[in-house]
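Participant: no sequence for this one, just the structure:
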């Protein structure tokens with residue numbers, strides 16, 4: 001690997017994914033729920049933005065000024081192309097962390113975000129980032145960091161080391177990265193087949209290797225084949241971030257912190273004996289065998305009174321993002337899958353069924369006669385936010401200011417869908433987020449912008465695009481052969497889109 005990569009995989013570009021936790025509009029409800037005052041985010045920064053999809057969607061759907069760096073020049077070029085399409089205030093660099101963090105022309109930030117990056121960089125770069133946060137994060141500002149953590153990842157650390165070393169040392173001359181990754185996985189399976197004592201002490205490693213075999217190779221390359229791969233314990237993360245005056249605020253994954261879904265009664269009782277919040281997190285991670293954390297850290301936490309917390313929560317508007325029937329009521333926790341109580345979940349969804357913003361106070365009033373307290377309303381809403389069914393809503397003035405930007409970005413993305421299906425999201429100014437909209441739906445929108453309105457017309461257009469690229473039309477898992485069958489299947493999708501998804505896209509001002 002070349003020196004400029006500093007041990008990070010550079011042979012494959014990162015995925016075109018979207019990370020909703022990077023969205024600053026998630027901060028208010030998460031902070032208010034734990035009794036903290038959330039910041040107003042006017043300037044934001046992402047370190048290691050990948051393809052820049054998340055940053056661009058958030059920049060286009062807001063008035064926030066975004067900055068970011070990612071050393072991969074091809075990815076930076078693409079991120080800049082998206083920013084130029086929307087005209088949003090997003091500035092992307094391909095500088096290293098050391099170069100970017102030493103710049104003197106950057107503003108101070110209300111929000112600094114890192115998705116996964118912390119797990120894949122050297123201690124030298126971690127020191128650079130902590131110093132950057134210390135100098136450039138405003139008082140009251142927030143850092144979002146997601147990272148591989150112990151204890152759940154500790155057992156796999158020796159295997160990751162083996163995989164990355166095999167790629168560096170055992171690949172044949174001229175062998176491409178994908179071939180070397182396959183060779184490393186083959187060798188790891190051979191090693192396990194001879195019953196090393198390590199496998200006996202870590203019985204889940206074999207199953208994990210099987211899962212890796214079935215995952216996207218770009219993801220696998222960036223997740224497992226870096227020279228640096230360091231799962232960080234929560235207590236160690238606290239030590240890393242304390243010089244930047246950061247303290248733990250809360251998890252960005254609300255459902256993962258609900259004790260009833262993750263801990264036995266005996267485990268909850270033991271945790272309740274722990275008064276120190278940081279030590280409690282450490283003990284809790286052991287109880288659930290935590291593998292990955294998504295956390296908010298704050299520089300100068302401001303505690304709210306109970307009355308101010310309740311008032312602020314009641315004033316928070318939310319909106320339903322999906323057809324009511326498509327909203328998952330299931331919650332995955334350490335104790336297995338649970339289903340949200342119908343007595344609370346269904347009235348919440350009823351109140352939001354018209355896809356118009358409602359405050360939590362308005363929803364609470366609907367449930368008041370059932371004796372449901374505000375805290376349970378908040379639990380359900382935050383859980384449905386995590387599952388993608390509900391979102392917080394932005395101020396009308398921000399929505400109006402951002403609408404031209406999202407219109408331009410969404411038009412660009414729908415045009416891009418004519419050639420590939422890399423980005424399955426569009427931007428919504430109402431909710432400052434990326435909304436999942438697949439390639440076929442994007443092509444329907446493109447066709448509608450060009451005068452096609454009937455299901456048969458939309459179907460004919462999509463079929464034309466797919467036939468030109470050799471893409472099969474599939475129904476019930478089987479490719480369709482005849483043109484009439486293909487048109488019928490696509491027309492059926494188009495009708496479902498027009499009747500179900502299109503009104504929601506309109507309500508969320510995606511179109």
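Facilitator: Perfect, thanks for sending it. What you see is a predicted model, and the numbers here were worked out from it, not measured in a lab.

Participant: helices or strands next to the helix or strand in which residue 223 is found in the packing?
Facilitator: According to DSSP states H and E, residue 223 maps onto helix 217-224. Contact here means 3 or more C-beta pairs under 8 Å, 6 or more residues apart in numbering; DSSP states H and E; on that basis helix 217-224 packs against helix 157-169, helix 177-193. No exception for glycine: its C-beta is placed from N, CA and C like everyone else's.

Participant: How far away from the center of its chain is that helix?
Facilitator: 17 Å (C-alpha atoms, centre = their mean, to the nearest Å).

Participant: next structured bit after that helix?
Facilitator: Following helix 217-224 in sequence, per DSSP H and E, is helix 234-241.

Participant: List the buried residues in the helix or strand following that following helix.
Facilitator: On the C-terminal side of helix 234-241, the closest following helix or strand by DSSP H and E is strand 247-251. Going by neighbour count (16 or more other C-beta atoms under 10 Å), the buried part of strand 247-251 is 248-251.

Participant: Domain-wise, how is the chain divided?
Facilitator: 3-151+230-298, 154-224, 438-511 (automatic domain parsing).

Participant: Out of these, indicate the one that is most buried.
Facilitator: Highest mean neighbour count among the domains of the chain (mean count of other C-beta atoms under 10 Å): domain 3-151+230-298, with a mean of 19.

Participant: Just give the nearest non-adjacent residue to residue 417, would you?
Facilitator: Closest residue to residue 417 apart from its sequence neighbours, by C-beta to C-beta, 6 or more residues apart in numbering: residue 442 at 3.8 Å.

Participant: where does that neighbour land in three-state SS?
Facilitator: Look at residue 442: counting by DSSP: H, G, I helix; E, B strand; the rest coil, its state is helix.

Participant: Now do the same contact list for it.
Facilitator: Residues counted as contacts of residue 442 (C-beta atoms under 8 Å, 6 or more residues apart in numbering) are 413-414, 417, 424, 426.

Participant: if we can go back for a sec, ok, which of the helices and strands packed on helix 217-224 comes nearest residue 257?
Facilitator: Proximity to residue 257 (C-beta to C-beta) singles out helix 157-169 among these, at 25.4 Å.

Participant: which residues sit against that closest one?
Facilitator: Counting by C-beta under 8 Å, 6+ apart, 1, 177, 180-181, 183-185, 187-188, 191, 198, 202, 205, 208-209, 224-227, 229, 231 sit against helix 157-169.

Participant: Quick one: mean pLDDT over the helix or strand containing residue 141.
Facilitator: Taking DSSP H and E as the criterion, residue 141 maps to strand 137-148. Taken as a whole, strand 137-148 has a mean pLDDT of 97.

Participant: what does stretch 448-456 give?
Facilitator: 96.

Participant: next one: that stretch to chain centre, how far?
Facilitator: Worked out by C-alpha atoms, centre = their mean, stretch 448-456 lies 32 Å from the chain centre.

Participant: Kindly report the same for stretch 97-107.
Facilitator: Counting by C-alpha atoms, centre = their mean, stretch 97-107 comes out at 25 Å from the chain centroid.

Participant: Can you say which of the helices and strands packed on helix 217-224 is nearest to residue 316?
Facilitator: helix 157-169 (40.7 Å).

Participant: Give the rounded mean pLDDT of that closest one.
Facilitator: On average, helix 157-169 scores 90.

Participant: got it, and stretch 350-366?
Facilitator: pLDDT averaged over stretch 350-366 gives 93.

Participant: Name the residues of that stretch that come out as buried.
Facilitator: Quick answer for stretch 350-366 (16+ other C-beta under 10 Å): 351-352, 355, 357-358, 360-361, 363-364.

Participant: So, low pLDDT: which residues of the stretch 101-250 of the chain?
Facilitator: For the stretch 101-250 of the chain, applying pLDDT under 70 flags the ranges 171-174.

Participant: go again using 80 as the cut-off
Facilitator: 170-175, 222, 226-227 (pLDDT under 80).

Participant: try the stretch 251-400 of the chain
Facilitator: 255, 341.

Participant: mind listing the strands for it?
Facilitator: 292-298, 317-320, 330-333, 336-339, 358-359, 390-392 (DSSP state E, counting those that start in this stretch).

Participant: can those go into TSV with extra columns for distance to residue 80?
Facilitator: Output for these, formatted as TSV (distance: least, C-beta to C-beta, whole Å):
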stretch	distance to residue 80
strand 292-298	27
strand 317-320	31
strand 330-333	37
strand 336-339	42
strand 358-359	38
strand 390-392	27
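
Participant: Any idea which of those gets closest to residue 380?
Facilitator: Of these, the one closest to residue 380 (C-beta to C-beta) turns out to be strand 390-392, at 8.9 Å.

Participant: and the closest one, what does it pack onto?
Facilitator: Going by 3+ C-beta pairs under 8 Å, 6+ apart, strand 390-392 lies up against strand 317-320, helix 374-387.

Participant: Reformat those as a markdown table; add distance to residue 26 and mean neighbour count.
Facilitator: A markdown table is the format used below for the helices and strands packed on strand 390-392 (distance: least, C-beta to C-beta, whole Å; neighbours: other C-beta atoms under 10 Å):
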| stretch | distance to residue 26 | mean neighbour count |
| --- | --- | --- |
| strand 317-320 | 11 | 22 |
| helix 374-387 | 7 | 21 |
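
Participant: Make JSON lines from those and add distance to residue 436 to it.
Facilitator: Converted to JSON lines, those look like this (distance: least, C-beta to C-beta, whole Å):
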{"stretch": "strand 317-320", "distance to residue 436": "14"}
{"stretch": "helix 374-387", "distance to residue 436": "12"}
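
Participant: who wins for proximity to residue 300 among those?
Facilitator: It is, among these and with distance given as C-beta to C-beta, helix 374-387, at 23.7 Å.

Participant: which strands and helices sit next to the closest one?
Facilitator: So helix 374-387, by 3+ C-beta pairs under 8 Å, 6+ apart, packs with helix 27-33, helix 306-314, strand 330-333, helix 342-351, helix 360-367, strand 390-392.

Participant: Can you tell me which helices and strands the longest helix along the chain packs against?
Facilitator: Criterion DSSP state H: the longest helix present in the chain is helix 396-416. Applying 3+ C-beta pairs under 8 Å, 6+ apart, we find helix 396-416 packed against helix 53-60, helix 73-86, strand 425-428, helix 439-449.

Participant: Out of the helices and strands packed on strand 390-392, which gets nearest to residue 507?
Facilitator: strand 317-320 (7.5 Å).
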